[in-house]
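Engineer: Curious how this folds, go ahead:
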Amino acid sequence: MKYLLTLFISFVVLSSFGQKTSVFTTESGRVDFESNAPLELIKAGSSYLKGALDTTNNAVLFILENRTFEGFNSPLQQEHFHENYMESKKYPRSTFQAKIIERLNWISGTTQQIRAKGILDIHGIKQERIINVWLQYEKNQVNVNADFEIALEDHKIRIPKVVSKKIAPVIAIKIEAKLKHQTQQ
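Structural biologist: Okay, here's the model as predicted:
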């Protein structure tokens, strides 16, 4: 995981050789999900979201080790999530690699809504997505917030009929991260 983030930052530095590059990173962003099905509400999350934002190229990368999800209603439910649905051993991480569509305003103390267009890779299935994101600019940091939904069938996550009333076909996702500024030359 750390390797992918380091590789991304190295790529950013090399691709902008000769120009000043600003990179914002985090190793402790938060991802929460909610499955609100007719017979059960399931909530889980992780505080191990890793991410980088390259302001020179308007590129973003977020990586999450699927095994870091916790919460759930029971240990058995968590086990089923990892073994039967996410198949966390076979698909250890989820990623989102994208470009920001809008021009960033970078005025400290302001908030801006932007769209990030890229590839969301969950359960080994890559889907092109446009995700609406709120950026709040501070002196040496940018706060990232996003709320979006994922249809399980889009990522070939199969729900057996016997539990179909306990697991929603569309999962609500919430992302919160504080990315700290690092200047690379």
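Engineer: ok, and what's touching the helix or strand that residue 99 is a member of?
Structural biologist: Using DSSP states H and E, residue 99 sits within strand 93-100. If you take C-beta atoms under 8 Å, 6 or more residues apart in numbering as the criterion, strand 93-100 is touched by 1, 4, 57-66, 114-123, 129, 131. All C-beta atoms are positioned from the backbone trio N, CA, C, and that covers glycine.
Engineer: Among the residues you listed, name the buried ones.
Structural biologist: For these, a neighbour count by 16 or more other C-beta atoms under 10 Å gives the buried set as 58-64, 66, 114, 116, 118, 120-123, 129, 131.
Engineer: Helices of the protein, start to end?
Structural biologist: 2-15, 75-80 (DSSP state H).
Engineer: mean pLDDT for those: which is lowest?
Structural biologist: Mean pLDDT across these is lowest at helix 2-15; the value there is a mean of 47.
Engineer: Flag the shaky bits of the chain, pLDDT-wise.
Structural biologist: Within the chain, the stretches with pLDDT under 70 are 1-21, 183-185.
Engineer: Contacts only, for the residue nearest the centre of the chain.
Structural biologist: Ranked by distance to the mean C-alpha position of the chain (C-alpha atoms, centre = their mean), the top residue is residue 62 at 4.9 Å. Shown in contact with residue 62 (C-beta under 8 Å, 6+ apart): 29, 49, 50, 51, 95, 96, 97, 175, 177.
Engineer: try 6 Å this time
Structural biologist: Neighbour list for residue 62: 51, 96 [criterion: C-beta atoms under 6 Å, 6 or more residues apart in numbering].
Engineer: so what's the nearest residue to residue 177 once chain neighbours are set aside up against?
Structural biologist: Among residues not flanking residue 177 along the chain, residue 29 sits closest, at 3.0 Å (C-beta to C-beta, 6 or more residues apart in numbering). For residue 29, the contact set (C-beta under 6 Å, 6+ apart) comprises 49, 51, 177.
Engineer: Show me where the chain has its strands.
Structural biologist: Ranges of strands within the chain are 21-36, 41-54, 59-65, 70-71, 93-100, 111-122, 125-138, 141-151, 170-184, based on DSSP state E.
Engineer: Show the contacting residues for residue 168.
Structural biologist: Counting by C-beta under 6 Å, 6+ apart, residue 168 makes contact with 35, 36, 37.
Engineer: what's the spacing between the first one and residue 171?
Structural biologist: When C-beta to C-beta, to the nearest Å is applied, the distance between residue 35 and residue 171 equals 5 Å.
Engineer: what does the second one give?
Structural biologist: Residue 36 is 9 Å from residue 171, where distance means C-beta to C-beta.
Engineer: ok, the two, which is more surrounded?
Structural biologist: Neighbours were counted for residue 36 and for residue 171 using other C-beta atoms under 10 Å; residue 171 has more, 19 against 13.
Engineer: Correct me if wrong: the more buried one contacts residue 32.
Structural biologist: No - assessed by C-beta atoms under 6 Å, residue 171 is found out of contact with residue 32, at 10.4 Å.
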